[in-house]
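Chemist: below are the sequence and a predicted model for it; my questions follow.
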Amino acid sequence: MERGREASSCRELTPLVPQEELLQEFQNKLTLCEPRTEVQDAENPLAVLLARERVLLAQLNILRSREPKPLLVNQELLTCVGKKELQNTNQQLEMILSCVRSRKKSLREQLDREKTWLAEEQEIENSLQDRGLEGQVVSQSLSENSALQKMKRDMERLAHRKERLLAVLGSFLDLHYPPPEEAMAASKKKRLRGSNAGGSGKLVTFHEMLECLMTRAMSSPHDPYVEVDESNWPPYVEVLLRYGLALRHPDDPRRIRLEDFHE
């Protein structure tokens with residue numbers, strides 16, 4: 001019995017050559033085999049390809065015949081491996097948590113900066129709006145002042161032009177329509193002078209007649225007629241009526257008015 005036990009122990013200690021090792025050895029032999037030695041005709045590559053195909057098929061059979069070796073069932077080893085995996089996982093999660101916290105802190109700081117920037121932008125916008133309103137008020141006042149200044153300049157220009165026109169008109173009237181006394185003396189009609197001078201004594205000039213008609217038309221547009229008396233020299237009254245400068249009253253021929261040149 002002891003010899004049987006020793007034999008069995010010897011058989012257990014003597015390592016048996018597994019089938020995989022035999023197949024590996026066979027694969028190595030096939031790999032080391034030179035297919036050119038079997039092919040005598042170098043111009044025929046079909047034999048080489050067939051030899052290579054046999055080698056690949058042998059390798060495929062070896063790979064298929066292999067079986068995964070089961071792990072040894074050892075609780076201590078599994079516990080150690082599990083603890084190691086948990087530690088690695090814990091470290092990775094701690095790193096991820098640290099990154100997330102850092103990212104959260106940076107985002108919060110960025111948000112605070114964005115809020116501060118937004119408040120500054122709103123303040124600037126409000127300031128610009130206030131300045132815009134002030135600018136509109138100032139521009140409006142400036143435009144009003146400019147319009148007023150323009151109106152004043154226009155009025156001054158019109159007044160100056162009016163003075164020039166009146167001066168030119170006075171010179172024209174003095175040259176072509178002298179006072180009635182001078183006109184009568186030039187035409188040697190002393191009998192007309194005697195007949196007209198008996199009433200009021202002094203005849204008004206043609207310039208004064210036009211000024212009286214214009215003043216009446218401007219001050220009393222509803223009643224622009226002026227009564228013709230002995231102080232108005234009849235030839236000058238006839239000139240006003242004939243050349244369309246004045247019109248007679250339809251009901252009273254002794255009253256005349258200035259023609260409406262603006263209509």
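Modeler: Received, thanks.

Chemist: got the domain boundaries for the chain?
Modeler: Residue ranges for the domains of the chain, per automatic domain parsing: 17-63, 99-176, 178-258.

Chemist: model confidence over the longest one, on average?
Modeler: Same thing as domain 178-258. Mean pLDDT, domain 178-258: 79.

Chemist: any idea how far apart the tips of that domain sit?
Modeler: Taking Cα to Cα, to the nearest Å as the measure, domain 178-258 stretches 20 Å from start to finish.

Chemist: ok, then the element right after the host helix or strand of Leu60?
Modeler: Assigned by DSSP states H and E, Leu60 falls within helix 46-65. Scanning forward in sequence from helix 46-65 by DSSP H and E, the next helix or strand is helix 75-176.

Chemist: what's the distance between that following helix and the middle of its chain?
Modeler: Centroid separation between helix 75-176 and its chain, computed with Cα atoms, centre = their mean, to the nearest Å, is 13 Å.

Chemist: can you check stretch 235-255 too?
Modeler: Mean C-alpha position of stretch 235-255 versus that of the full chain (Cα atoms, centre = their mean) differs by 69 Å.

Chemist: buried residues, stretch 83-100. List them.
Modeler: For stretch 83-100, burial by neighbour count (16 or more other Cβ atoms under 10 Å) applies to no residue. Glycine gets a C-beta too; all of them are placed from N, C-alpha and C.

Chemist: actually, stretch 166-176.
Modeler: If you call a residue buried by 16+ other Cβ under 10 Å, then stretch 166-176 has these buried ones: Leu173.

Chemist: now Arg257, what are its backbone angles?
Modeler: Arg257 adopts backbone torsions of phi -140, psi 160, taken as degrees, to the nearest 10.

Chemist: relative to Met218, how far out is it?
Modeler: For Arg257, the distance to Met218 (Cβ to Cβ, to the nearest Å) stands at 12 Å.

Chemist: same question for Gln92.
Modeler: When distance is defined by Cβ to Cβ, Gln92 is 105 Å away from Met218.

Chemist: before we move on, the earlier item: same question for the helix holding Leu60, mean pLDDT?
Modeler: Rounded mean pLDDT across helix 46-65 is 78.

Chemist: mind exporting the C-alpha coordinates of it to PDB?
Modeler: The C-alpha coordinates for helix 46-65 follow below in PDB (Å, rounded to 0.1, in the frame of the first residue of the first chain):
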ATOM      1  CA  LEU A  46       0.300  27.400 -55.800                       C
ATOM      2  CA  ALA A  47       2.200  24.800 -53.700                       C
ATOM      3  CA  VAL A  48       3.600  27.500 -51.500                       C
ATOM      4  CA  LEU A  49       0.200  29.000 -50.900                       C
ATOM      5  CA  LEU A  50      -1.200  25.600 -50.100                       C
ATOM      6  CA  ALA A  51       1.600  25.000 -47.500                       C
ATOM      7  CA  ARG A  52       0.900  28.300 -45.900                       C
ATOM      8  CA  GLU A  53      -2.700  27.500 -45.800                       C
ATOM      9  CA  ARG A  54      -2.000  24.300 -43.900                       C
ATOM     10  CA  VAL A  55       0.100  26.200 -41.400                       C
ATOM     11  CA  LEU A  56      -2.600  28.700 -40.800                       C
ATOM     12  CA  LEU A  57      -5.200  26.000 -40.400                       C
ATOM     13  CA  ALA A  58      -3.000  24.300 -37.800                       C
ATOM     14  CA  GLN A  59      -2.700  27.600 -35.800                       C
ATOM     15  CA  LEU A  60      -6.400  28.100 -36.000                       C
ATOM     16  CA  ASN A  61      -7.100  24.600 -34.600                       C
ATOM     17  CA  ILE A  62      -4.600  25.300 -31.700                       C
ATOM     18  CA  LEU A  63      -6.300  28.600 -30.800                       C
ATOM     19  CA  ARG A  64      -9.800  26.900 -30.900                       C
ATOM     20  CA  SER A  65      -8.600  24.000 -28.700                       C
END
